[in-house]
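Participant: no FASTA, just this:
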């Protein structure tokens, strides 16, 4: 005789197999399980990438240490370079007055005679140096008083422009004026403002950093 | 059965929670890798910069040292509490007679016949300042003197240069003209 009795376990098993809720749960479990594959793939690649980056970090740190060791050998040179850089604005702001005088000598017309030449610095900026400060002028004023022979007054413009070409870039003519004079001489006054910019090649001055030609 | 709905919701919650946690861990890992990558790039840039600096220093070492020597050699040592500083009594003019105040930078002027007088230095300024004057130099002797001094003393500033033809010399005179020369000279001093 066939036993038609169904045990509770069998009933529960059938419910798991056939009822919609349990099928949905099964589907969720399956989907979740399938999603573990891409998750594991990305986790693995991320871990690999992280490991590679960590290795690279160690290498870079070792490289940095080695470079620091190499740099230590140049400590003295670095300090000297730093000192030179501190002096640089002081040297840049120094107008070579002798070169300005030489430029005047080269450009003054034959029919002119000079009575006074003045070069004066102004607008000082205090720069820090070891132990204190040092004032560096931001402006120089060049004044020239002279006379032209009567009948040669027009040479003042040529002289003014020619001298300006010889002065450092940025030099400006503040005044170029003929004054009342005697019968034979026409006095004049020339005023320039010169901003020391460090480039004095127009004056024929060699750069300090250039090797000495001697 | 009573437990069907909670069972379904519990399964969904567990599944969503698990996936959410995994995604968060992945995102955290990816972010950490990005930060590490950025750090590495920064370190790499710093290393390249350092390497460039080392190479630059190696190549220019001789020039830097030569320039430093040239510049530092021209700097005048500070004279401490000498009479060149503020609130001091000016000393006698320097006339090239071996005065103890005669700095290397000023020797050229005194040897050329300029009368040199130290003046007070503003507080805190690392310099020595002189006023110099002469009436015994022609333009053609004065300019080379200034050239020589400016080339020898790289920290020498002429704050004022005033050259004037003496009134007794007529214009266009062919006689030697000794200019009235007034200079204000300032030099950087070392500590």
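Facilitator: In hand now; what should we look at? As the structure is a computational prediction, the values presented were derived from the model and not from experiment.
Participant: Scan chain A for its longest helix.
Facilitator: As assigned by DSSP state H, the longest helix anywhere in chain A is helix A:20-72.
Participant: What average pLDDT does the helix or strand just after that helix get?
Facilitator: Using DSSP states H and E, the next helix or strand after helix A:20-72 towards the C-terminus is helix A:75-92. Mean per-residue pLDDT for helix A:75-92: 91.
Participant: Tell me the buried residues in helix A:75-92?
Facilitator: Using 16 or more other CB atoms under 10 Å in any protein chain shown as the test for burial, helix A:75-92 gives A:77, A:80, A:81, A:83, A:84, A:87, A:90, A:91. Bear in mind the C-beta positions are built from the backbone N, C-alpha and C, glycine included.
Participant: so where's chain B uncertain?
Facilitator: Applying pLDDT under 70 to chain B flags residues B:1-3, B:77-104, B:191.
Participant: Check the offset of the longest helix along it from the chain's centre.
Facilitator: As assigned by DSSP H, the longest helix anywhere in chain B is helix B:4-74. Computed by CA atoms, centre = their mean, to the nearest Å, the chain-centroid distance of helix B:4-74 equals 35 Å.
Participant: Does anything pack onto that helix? Which helices or strands?
Facilitator: Packed against helix B:4-74 by the contact rule (3 or more CB pairs under 8 Å, 6 or more residues apart in numbering or on different chains; DSSP states H and E) you find helix A:20-72, helix A:75-92.
Participant: Residue ranges of each domain in chain B, please.
Facilitator: Domain assignment for chain B, taken from automatic domain parsing, gives B:1-74, B:104-188.
Participant: rewinding a little: and the two most separated of the buried residues of helix A:75-92?
Facilitator: Of all pairs drawn from the buried residues of helix A:75-92, the one with the longest distance (CB to CB) is A:77 and A:90, at 20.7 Å.
Participant: Of the domains of chain B, which stretch is the most buried?
Facilitator: Greatest average neighbour count among the domains of chain B goes to domain B:104-188 (a mean of 18), per mean count of other CB atoms under 10 Å in any protein chain shown.
Participant: so who does residue B:60 touch?
Facilitator: Contacts for residue B:60 (CB atoms under 8 Å, 6 or more residues apart in numbering or on different chains) come out as none.
Participant: Just to check, residue B:32 is in contact with residue A:50?
Facilitator: Yes: at 6.5 Å, residue B:32 counts as touching residue A:50 under the criterion of CB atoms under 8 Å.
Participant: After the longest helix of chain B, which helix or strand is next?
Facilitator: Next helix or strand after helix B:4-74 toward the C-terminus (DSSP H and E): helix B:104-111.
Participant: Is chain A within reach of the helix or strand just after that next one?
Facilitator: Once the chain leaves helix B:104-111, the next helix or strand it forms, by DSSP H and E, is strand B:115-119. No: judged by CB under 8 Å from any CB of the partner chain, strand B:115-119 and chain A are separated, with a smallest distance of 13.8 Å.
Participant: any idea how far strand B:115-119 is from the chain center?
Facilitator: For strand B:115-119, the separation from the chain centroid amounts to 27 Å (computed by CA atoms, centre = their mean).
Participant: same check, this time on stretch A:99-118
Facilitator: Relative to the chain's own centre, stretch A:99-118 is displaced by 38 Å; criterion: CA atoms, centre = their mean.
Participant: Go through it and flag the buried ones.
Facilitator: For stretch A:99-118, using 16+ other CB under 10 Å, the buried residues are A:99-104, A:107-108, A:111-115, A:117-118.
Participant: what subset of the residues you listed is also close to chain B?
Facilitator: A:99, A:101, A:102, A:113, A:114, A:115, A:117, A:118.
Participant: from what I can see the fifth one touches residue A:101, true?
Facilitator: No: using CB under 8 Å as the test, residue A:114 is too far from residue A:101 to be in contact (10.4 Å).
Participant: ok, now which ones touch residue B:183?
Facilitator: By CB under 8 Å, 6+ apart, residue B:183 lies in contact with B:109, B:114, B:130, B:131, B:132, B:133, B:158, B:160, B:161, B:162.
Participant: need the contact list for residue A:70.
Facilitator: Residue A:70 makes contact with residue B:54, according to CB under 8 Å, 6+ apart.
Participant: before we move on, what SS does residue B:123 have?
Facilitator: Following DSSP: H, G, I helix; E, B strand; the rest coil, residue B:123 is assigned to coil.
Participant: what about it, distance to chain A?
Facilitator: Plainly put, residue B:123 is 9 Å away from chain A if you go by CB to the nearest CB, to the nearest Å.
Participant: and that residue, backbone torsions?
Facilitator: Dihedral angles of residue B:123 (phi, psi; degrees, to the nearest 10) stand at phi -60, psi 140.
Participant: measure it to residue A:126 for me?
Facilitator: As for residue B:123, its distance to residue A:126 is 11 Å (criterion: CB to CB, to the nearest Å).
Participant: ok, now residue A:37?
Facilitator: The value you get for residue A:37 to residue A:126, if CB to CB is used, is 72 Å.
Participant: For those two, indicate the residue with more neighbours.
Facilitator: Neighbour count, other CB atoms under 10 Å in any protein chain shown: between residue A:37 and residue A:126, residue A:126 has more, with 13 against 9.
Participant: for the nearest residue to the more buried one once chain neighbours are set aside, what are its contacts?
Facilitator: Closest residue in space to residue A:126, ignoring its immediate chain neighbours: residue A:133 at 4.1 Å, by CB to CB, 6 or more residues apart in numbering or on different chains. Residue A:133 makes contacts with A:126, A:127, B:124, B:125, B:126, as judged by CB under 8 Å, 6+ apart.
Participant: what residue lies at the spatial centre of chain A?
Facilitator: Geometric centre of chain A, nearest residue: residue A:85, 13.0 Å, by CA atoms, centre = their mean.
Participant: Specify the residue ranges that define each domain of chain A.
Facilitator: Residue ranges for the domains of chain A, per automatic domain parsing: A:7-73, A:96-203.
Participant: so when I look at residue B:150, I'm seeing a helix, right?
Facilitator: Yes: with three-state DSSP as the criterion, residue B:150 is located in a helix.
Participant: Cheers, nothing more for now.
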